[in-house]
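[1] Structure, please.
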Amino acid sequence: MKKPLGLTVKSATAKAVSLSRLTRESKIDLKIEKSDQIRFKFKTGIAFLDHMLEHVVWRSGFNIDVNYETTQFNLTHVVWEDIGIVLGTAFKLLLEKNLAQGVEGKGDSISCLDEALAMVCISFEGRTNCFLDFDQMPGTSVPVVEDAKAWDIPQFLDGFAQGARCTLHIKGLSGNDPHHSWEAVFRAFGEALGKVFNPNPRRAGTIAGVKGTLE
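    Residues are numbered from 1 along each chain as shown. Here you go, the predicted model:
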């Protein structure tokens, strides 16, 4: 008997979420967990994606395990986007589990690597938006970085916003080296994401926006 397509939540608490997603294009098993000890396990098939996820773990305070399997065609665009969608979904579920006790629900960061500088702002309000501005960061337009295609990488960020139903703004402020440029982006993304879950008792039972609900 074939497994049904779609999302399956295996477990969800205020500290950890485990889920899987099956489509005609991919099968993803993913877990996130708040932890004081850094640990991660990636199997995406793209070394640069693994490296970027490593920075999210390092900067956010959340461990990530992800296993990606191709179920039809090996399309790198799908790898980046689908992992972004599932990761965003996991963080949305985690946020919902933390609303009762009160968390910031938003975060921002400016981070650098050598000449590269990036700014990220993220807000979980049930509104799906992804605004990327890399006009001042020419490194992001270099076609290939390590084993990744530069045009695939924004699909992860857009996918994350889709899954999380969050608004995500990213602006590259400088950066000529493609590896440095994208790493600065993911460093800032991880830091901003971690701040979303900073305790804020004044927001107990509500969200960062005044409408009060993610729905």
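[2] Low-confidence regions, the protein specifically.
    Along the chain, segments meeting pLDDT under 70 span 1.
[3] just the strands in it please.
    Using DSSP state E, the strands of the chain run over 6-12, 16-22, 26-34, 40-43, 62-70, 106-113, 116-124, 129-133, 144-145, 148-149, 166-174.
[4] got the contact list for the first one?
    Contacts of strand 6-12 with the rest of the structure, by CB atoms under 8 Å, 6 or more residues apart in numbering, involve V17, S18, L19, S20, R21, L22, T23, V86, T89, L93, L94, K97. C-betas here are computed from N, CA, C, even on glycine.
[5] circling back to that earlier point, as CSV, the strands of the chain with mean neighbour count and distance to H51 would be great.
    Formatted as CSV, the strands of the chain follow (neighbours: other CB atoms under 10 Å; distance: least, CB to CB, whole Å):
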stretch, mean neighbour count, distance to H51
strand 6-12, 12, 26
strand 16-22, 19, 23
strand 26-34, 19, 17
strand 40-43, 14, 9
strand 62-70, 18, 13
strand 106-113, 19, 12
strand 116-124, 23, 15
strand 129-133, 15, 20
strand 144-145, 16, 10
strand 148-149, 18, 9
strand 166-174, 21, 18
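[6] Let me know which of those strands is the nearest to H55.
    H55 lies closest, by CB to CB, to one member of the strands of the chain: strand 106-113, at 9.1 Å.
[7] Parallel or antiparallel, list what pairs with that closest one.
    Take DSSP bridges as the rule and strand 106-113 pairs in its sheet with strand 116-124 (antiparallel).
[8] For the partner strand, list the C-alpha coordinates in CSV.
    This file holds the C-alpha atoms of strand 116-124, laid out as CSV (Å, rounded to 0.1, in the frame of the first residue of the first chain):
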residue,chain,number,x,y,z
ALA,A,116,30.1,40.2,2.9
LEU,A,117,27.3,41.8,5.0
ALA,A,118,23.7,40.8,5.1
MET,A,119,20.5,41.9,6.9
VAL,A,120,17.5,39.7,7.7
CYS,A,121,14.2,40.5,9.3
ILE,A,122,11.5,37.9,9.9
SER,A,123,8.1,38.1,11.4
PHE,A,124,5.6,35.2,12.0
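[9] and the angle for it with strand 129-133?
    Here strand 116-124 runs at an angle of 170 degrees relative to strand 129-133 (axes from the mean of the first three to the mean of the last three CA atoms, to 10 degrees).
[10] then stretch 5-19 to CSV, C-alphas only?
    The C-alpha trace of stretch 5-19 is given here as CSV (Å, rounded to 0.1, in the frame of the first residue of the first chain):
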residue,chain,number,x,y,z
LEU,A,5,1.1,12.2,-0.4
GLY,A,6,1.3,15.2,1.9
LEU,A,7,2.6,16.2,5.3
THR,A,8,2.7,14.0,8.4
VAL,A,9,3.5,15.5,11.8
LYS,A,10,5.2,12.8,13.8
SER,A,11,5.5,14.8,17.0
ALA,A,12,5.3,18.5,18.1
THR,A,13,6.2,20.0,21.4
ALA,A,14,7.4,23.4,22.6
LYS,A,15,11.0,22.3,22.1
ALA,A,16,11.0,19.9,19.2
VAL,A,17,9.1,19.1,16.0
SER,A,18,9.4,16.0,13.8
LEU,A,19,7.6,15.7,10.5
